[in-house]
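Asks: Dropping a prediction and its sequence here:
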Amino acid sequence: MKHSLRRAPVASLVLTLVCCSAFVLADDKDKPRKEAPIVKSETIKPFNGKDLDGWVGHTELWSVKDGVIVAKSKDTVKVSTYLLTKQKFTDFRMTSKVKLVESEMHSGIAFWGRIAPEEKDEYTYAGHLVMFPSGWGMYDLYGRKSLPPDAAPAKKVGKQHGWNDLEILAQGNRVRVAVNGVAVVDWRDPEPKRIKAGPIGLQLHSNTVPQEIHFKDITITTFPKEDKLTTVKSGK
């Protein structure tokens, strides 16, 4: 015996589809929509010129004297260590004055990373580093090591044991750097997954001899509205 399927009238099917669609639309309308994150551009002075409030690091290595952050070691520093902002940053412009006082070992400013205590120092850093003055250039700490930016332009204008004006502009995956009013780095990281919101760190490099580095006049602007270096001299 043959059995036949009973077909619903076309009008009933259409009505059912319309009703279902109306239900879905009404349901979606009631759901909260995800808004795009609001980013705020603000300019801050992370160093108050008096003490290290807002920073963390080894107190026996970092101090403040005459409005200057001083990194100083008399004994061996086995692992590069950092004075770190408590606040985290992604897109920012940082201007500062930096000076290597004693030793020939480079220092640097680290960002886009994380504190890495597993590397045998509770204040060491894994991430990007802009070096000064001996090495200049850029480095990927506990990652890819030396990065492509050429150190030669910075070496031409940098001072080995004098004050250097340093500007870092980090936006998206792009890093631009100026030294003493001259643009020296313009590089895009081809591996953006490595970029993280992280603290900014001032470096005291591992070394076997006494060393001293100074930092002052630090200003940071989050999510800067201007897409350019601001300290570069006109005509350069």
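Replies: Sure, I can see it.

Asks: Please identify which helix or strand holds the closest residue to residue 101 other than its chain neighbours.
Replies: Closest residue to residue 101 apart from its sequence neighbours, by CB to CB, 6 or more residues apart in numbering: residue 212 at 4.1 Å. Placement of C-beta: from N, CA and C, glycine included. Assigned by DSSP states H and E, residue 212 belongs to strand 211-222.

Asks: and that strand, which strands flank it?
Replies: Sheet partners assigned to strand 211-222 using DSSP bridges are listed as strand 43-44 (antiparallel), strand 68-73 (antiparallel), strand 92-102 (antiparallel).

Asks: Return the set of buried residues in the last one.
Replies: Neighbour counts using 16 or more other CB atoms under 10 Å place 92-96, 98-100 of strand 92-102 among the buried residues.

Asks: can you redo those as TSV with pLDDT and distance to residue 150?
Replies: Formatted as TSV, the buried residues of strand 92-102 follow (pLDDT from 0 to 100; distance: CB to CB, whole Å):
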residue	pLDDT	distance to residue 150
92	98	23
93	98	22
94	98	21
95	98	22
96	98	22
98	98	20
99	98	23
100	98	20
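
Asks: so which of those residues comes closest to residue 113?
Replies: Distance to residue 113, by CB to CB, is smallest for residue 92 among the buried residues of strand 92-102, at 13.5 Å.

Asks: quick one: that closest one and residue 224 touch, right?
Replies: Yes: with contact defined as CB atoms under 8 Å, residue 92 counts as touching residue 224 (7.1 Å).

Asks: Determine the residues that are contacts of both of these two.
Replies: Overlap of the contact sets of residue 92 and residue 224 (by CB atoms under 8 Å, 6 or more residues apart in numbering) consists of residue 169.

Asks: hmm, who's touching stretch 179-195?
Replies: Residues from elsewhere that reach stretch 179-195, judged by CB under 8 Å, 6+ apart: 90, 112, 127-128, 130, 132, 136-138, 140, 143, 147-149, 153-154, 156-159, 164-167, 172-178, 229, 231-233, 236.

Asks: Please spell out the PyMOL selection for the buried subset of these.
Replies: A single PyMOL command is used to select the members of the contacts of stretch 179-195 judged buried by 16+ other CB under 10 Å:
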select buried, resi 90+112+127+128+130+132+136+137+138+140+147+149+153+154+157+158+164+165+166+167+175+176+177+178+229+231+232
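
Asks: Now, the contacts of stretch 179-195 that are in strands?
Replies: Those of the contacts of stretch 179-195 mapping onto strands are 112, 127-128, 130, 132, 138, 140, 164-167, 174-178, per DSSP state E.

Asks: Okay, buried residues for stretch 109-121 please.
Replies: Of the residues in stretch 109-121, 109-116, 121 count as buried by neighbour count, 16+ other CB under 10 Å.

Asks: now do the same end-to-end measure for it.
Replies: By CA to CA, to the nearest Å, the extent of stretch 109-121 from end to end equals 17 Å.

Asks: With stretch 178-187 instead?
Replies: Taking CA to CA, stretch 178-187 runs 12 Å from one end to the other.

Asks: Repeat that for stretch 157-166.
Replies: Start-to-end span of stretch 157-166 (CA to CA) is 11 Å.
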